[in-house]
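Colleague: pasting the structure only:
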């Protein structure tokens, strides 16, 4: 009975494994196959599945029969045990009834017959299971054979397809391979260039580091130097001079540096710059702004210390404004505008001062001080330079007006003289025409008689009188007395300019030549035949 159970379990495991193997093979076959072959394999697989299902059904029936036989055997054994017990009881009570013993023996025989029948059914079920297992093994072998052939054919087809695809892929990959080779070459060149650039960049970084270190040392030296009042003052004066020159001014002409003056209170002042205005007025500029606290603020890294130094810088700036307002520079020259310019030699200083003291301009204006950075001072000095240009233009205009008046007067004198010259020329023309008429009517007639007397054969030329009349001067400015014209700008008009006597000449004495003194121009005398 135990061997039968083990065989039955092995049969079930074999069926399950065979079904799993068939499913796996069919799955691979289904994945690899294609077209009609795949359909054929699917049909075979379906047939195999049907056979497996039938085998499973037979196994199930066999199992059911075996179970029923086992139940019957168990029942028979139980009945046999009960019969043995009854036999024992019957033997114990043999004396009670021989008839009962016979019946019990008959029952035992019947039960034994049932056991034999159950054993026979069990043997038949085992034989059927063995047949089913043999059929399953044959089916699995046949399926393996068929699937192996299909797989071989499909593998050959797949190899051919793979070879064709490999060739096509190789053809497609050839341009890509060439591109990759070119890319590798280009990448090599780029790598070489990158190495060269990295080397050059490293050199440049070293140069920048060296320059930065040198700049840091120079900055520290400049910061240390600017802490000295003399150096700070010289730097401010240099910046102030550059700003004045950028504004178009000339030293010792439009401005003066370090000019010493005395105020009305007998106080000696020496501003850094003294800008000359028109009409002898001046504007004073001071460039001594306190920088020590500002430099300390730039050098510290602690924020609280920096704010402390900046607050001290703002306090020093306001104190410098108060000091400049108390010096009263404008009292050194009467008429000078009552303010002094506090020059901040750097835009950053001016920005920081205005940030710390927003009302710095109002505070300084209340003390007659104007705060100016380089940009604002350039605009201010350009305005002064423009005023100088306008003053020079006004002076030039006055000189032009004076010269114009003098020229006007001289033109009047010259016109008067030209008028006299024209009258003299008219008298000369009249005398010439009269002489020509007298010569033709009296002298030439007598002279031609020599030709008639054959004294000479030469012909006497004819004389032509002047018929073009002289043009009279019509402009009143040239004939009127120019001294009567009032002066516009400049000196007063005089009765006679120094050059007038040099332009006047005496009239030519032509009346002795013709014997006539009439001022009228005689009509031209025409030649008589």
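Modeller: Perfect, I can see it now. Note that the coordinates shown come from a computational prediction; the quantities given were computed from them, not determined experimentally.
Colleague: Next, count neighbours for residue 153.
Modeller: Here the count is done by other C-beta atoms under 10 Å, and residue 153 has 12 residues near it. C-beta coordinates here come from the backbone N, C-alpha and C atoms, glycine included.
Colleague: typo on my end, residue 343
Modeller: When neighbours are counted by other C-beta under 10 Å, residue 343 registers 25.
Colleague: And residue 285, its phi and psi?
Modeller: Main-chain dihedrals, residue 285, degrees, to the nearest 10: phi -130, psi 130.
Colleague: whoops, I mixed them up, residue 418
Modeller: Taking degrees, to the nearest 10, you get phi -60, psi -40 for the backbone angles of residue 418.
Colleague: For residue 222, report the pLDDT, please.
Modeller: According to the per-residue confidence, residue 222 scores 56 in pLDDT.
Colleague: and if you look at residue 286?
Modeller: Per-residue confidence for residue 286 comes out at a pLDDT of 83.
Colleague: Correct me if wrong: it contacts residue 272.
Modeller: Yes. Using C-beta atoms under 8 Å, residue 286 is in contact with residue 272, at 5.5 Å.
Colleague: any shared contact partners between these two?
Modeller: The contact sets of residue 286 and residue 272 overlap at residue 343 (C-beta atoms under 8 Å, 6 or more residues apart in numbering).
Colleague: Looking at the two, which one has more neighbours?
Modeller: Taking residue 286 and residue 272 together and counting by other C-beta under 10 Å, residue 286 has the greater number of neighbours (22 against 19).
Colleague: Which strand residues bridge that one?
Modeller: Residue 286 has the following beta-bridge partners by DSSP bridges: residue 342.
Colleague: how far away is it from residue 248?
Modeller: The gap separating residue 286 from residue 248 is 22 Å, by C-beta to C-beta, to the nearest Å.
Colleague: Ok, residue 427 next?
Modeller: Applying C-beta to C-beta, one obtains 63 Å for the distance of residue 427 from residue 248.
Colleague: Next, the contact list for residue 313, please.
Modeller: The contact partners of residue 313, taken as C-beta under 8 Å, 6+ apart, are 290, 293, 294, 297, 352, 353, 356.
Colleague: Other residues contacting the helix or strand the fifth one falls within?
Modeller: It stands for residue 352. Counting by DSSP states H and E, the element that carries residue 352 is helix 347-356. With C-beta under 8 Å, 6+ apart as the contact definition, helix 347-356 has outside contacts at 289, 291, 294, 310-311, 313-314, 317, 344, 360-361, 371, 373-375.
Colleague: tell me the two of these that are most distant?
Modeller: Taking C-beta to C-beta, the two most distant members of the contacts of helix 347-356 are 311 and 375; they sit 25.9 Å apart.
Colleague: Give me the angle between the helix or strand containing residue 436 and helix 347-356.
Modeller: Here residue 436, judged by DSSP H and E, is contained in helix 374-438. The directions of helix 374-438 and helix 347-356 differ by 120 degrees, with axes from the mean of the first three to the mean of the last three C-alpha atoms, to 10 degrees as the criterion.
Colleague: and helix 374-438, what other elements does it pack with?
Modeller: If you count contacts as 3 or more C-beta pairs under 8 Å, 6 or more residues apart in numbering; DSSP states H and E, helix 374-438 packs onto helix 229-246, strand 340-343, helix 476-479, helix 500-503, helix 511-514.
Colleague: Rounded mean pLDDT for the last one, please.
Modeller: To tie it back to what came earlier, the one meant is helix 511-514. The predicted confidence, averaged over helix 511-514, sits at 38.
Colleague: swap in the second one?
Modeller: Predicted confidence along strand 340-343 averages 85 (mean pLDDT).
Colleague: How about the third one?
Modeller: For helix 476-479, the per-residue pLDDT values average out at 61.
Colleague: going forward can the numbers begin at 18, since that is how I track them
Modeller: Sounds good: first residue 18 from here, last item helix 493-496.
Colleague: Toward the C-terminus, what is the element adjacent to the helix holding residue 453?
Modeller: Following the chain from helix 391-455 toward its C-terminal end, the next helix or strand by DSSP H and E is helix 461-469.
Colleague: buried set for that next one?
Modeller: Using 16 or more other C-beta atoms under 10 Å as the burial criterion, the residues of helix 461-469 that qualify are residue 461.
Colleague: the inter-axis angle of that helix versus helix 391-455?
Modeller: Angle, helix 461-469 to helix 391-455, by the same axes, to 10 degrees: 60 degrees.
Colleague: Average pLDDT for helix 461-469, rounded please.
Modeller: Averaged across helix 461-469, the pLDDT comes to 77.
Colleague: Repeat that for stretch 439-446.
Modeller: Computed over stretch 439-446, the average pLDDT equals 84.
Colleague: same thing with stretch 220-232?
Modeller: Per-residue scores along stretch 220-232 average to 80.
Colleague: Which neighbouring elements make contact with the longest helix seen in the chain?
Modeller: In the chain, assigned by DSSP state H, the helix with the most residues is helix 115-243. For helix 115-243, the contact count by 3+ C-beta pairs under 8 Å, 6+ apart identifies helix 19-49, helix 52-109, helix 246-263, helix 309-316 as packing neighbours.
Colleague: For the last one, name the packing helices and strands.
Modeller: This points to helix 309-316. Contact here means 3+ C-beta pairs under 8 Å, 6+ apart; on that basis helix 309-316 packs against helix 115-243, helix 320-344.
Colleague: and the angle from the longest one to helix 309-316?
Modeller: On the basis of the same axes, to 10 degrees, helix 115-243 is oriented at 150 degrees to helix 309-316.
Colleague: any idea how far residue 310 is from residue 341?
Modeller: With the distance defined as C-beta to C-beta, residue 310 ends up 18 Å from residue 341.
Colleague: neighbour count winner among the two?
Modeller: Applying other C-beta under 10 Å to residue 310 and residue 341 shows that residue 341 carries more neighbours, namely 24 against 18.
Colleague: So the more buried one versus residue 319, what's the distance?
Modeller: Per C-beta to C-beta, residue 341 is found 32 Å from residue 319.
Colleague: Going by neighbour count, which residues of stretch 136-144 are buried?
Modeller: Neighbour-count burial for stretch 136-144, with 16+ other C-beta under 10 Å as criterion, is recorded at 138, 139, 142, 143.
Colleague: Repeat that for stretch 382-402.
Modeller: When neighbours are counted by 16+ other C-beta under 10 Å, the buried residues of stretch 382-402 are found to be 384-391, 393-395, 397-398, 401-402.
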